[in-house]
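*Asks:* show me how the following folds:
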Amino acid sequence: MRLLLLADTHVPKRAKDLPPAVWEEVARADVVVHAGDWVDVALLDLLQERSRSLLACWGNNDGPALRARLPEVARAELEGVRVAVVHETGASTGRERRAEAAHPDVDLLVFGHSHIPWDTTTPAGMRLLNPGSPTDRRRQPVCTYLTLTLADGGVSDVVLHPLPRLSA
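*Replies:* So this is what the prediction gives:
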């Protein structure tokens, strides 16, 4: 099962739309995972329409309309992997410990908020992934998203995809 991981899209405030490469990945993915900060319901509608399956939560920049349609923490079991998606996990220091305490029944935790890609594994074996942002690089050199494969209860082929910088 191929997953596309997104977060912090901030459409239309930071970008008018997702980059074409991300829409191409949406078409290839079995599941699109979005870790919040959509900003506008229109992108949620488009991703629901164009994705085979969408697993998503709301973020701190998402208002009542998005919070009415999305959970604070989304959960699913996919290919034997217990997946949770949340927007915020707090400071990087101590993240693994906090994630294990908050989500003890999870194998893969996808999160956003920082716009900084992250890939670690906790002592108990939970994988923590942040795809960065495909539209707002902040202090990162480029915008990013992640793809991965789930099979037989495991996570593999995790790839961070950099997006080309667009001229203003």
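*Asks:* mind listing the helices for the chain?
*Replies:* Taking DSSP state H to define them, one finds helices in the chain at 20-28, 41-50, 64-69, 95-102.
*Asks:* run through this structure and note the low-pLDDT ranges.
*Replies:* 166-168 (pLDDT under 70).
*Asks:* how about a cut-off of 90?
*Replies:* The chain contains residues with pLDDT under 90 at 14, 90, 138-139, 164-168.
*Asks:* if we can go back for a sec, and the helices of the chain: which comes nearest residue 146?
*Replies:* helix 20-28 (9.7 Å; C-beta to C-beta). (C-beta placed from N, C-alpha, C; glycine too.)
*Asks:* relative to residue 162, which of the helices of the chain is closest?
*Replies:* helix 20-28 (9.9 Å).
*Asks:* and residue 77, how many neighbours?
*Replies:* Counted by other C-beta atoms under 10 Å, the residues lying close to residue 77 total 11.
*Asks:* list the contacts for it?
*Replies:* residue 83 (C-beta atoms under 8 Å, 6 or more residues apart in numbering).
*Asks:* check the one 5 residues further on too.
*Replies:* Taking C-beta under 8 Å, 6+ apart as the contact definition, residue 82 lies against 75, 105-108.
*Asks:* ok, which of the helices of the chain comes nearest residue 10?
*Replies:* Nearest of those to residue 10, taken as C-beta to C-beta: helix 41-50 at 9.3 Å.
*Asks:* so what's the nearest residue to residue 117 once chain neighbours are set aside up against?
*Replies:* Nearest residue to residue 117, sequence neighbours excluded (C-beta to C-beta, 6 or more residues apart in numbering): residue 132, at 4.2 Å. Taking C-beta under 8 Å, 6+ apart, we find residue 132 in contact with 7-8, 115-117, 140, 143-146, 160.
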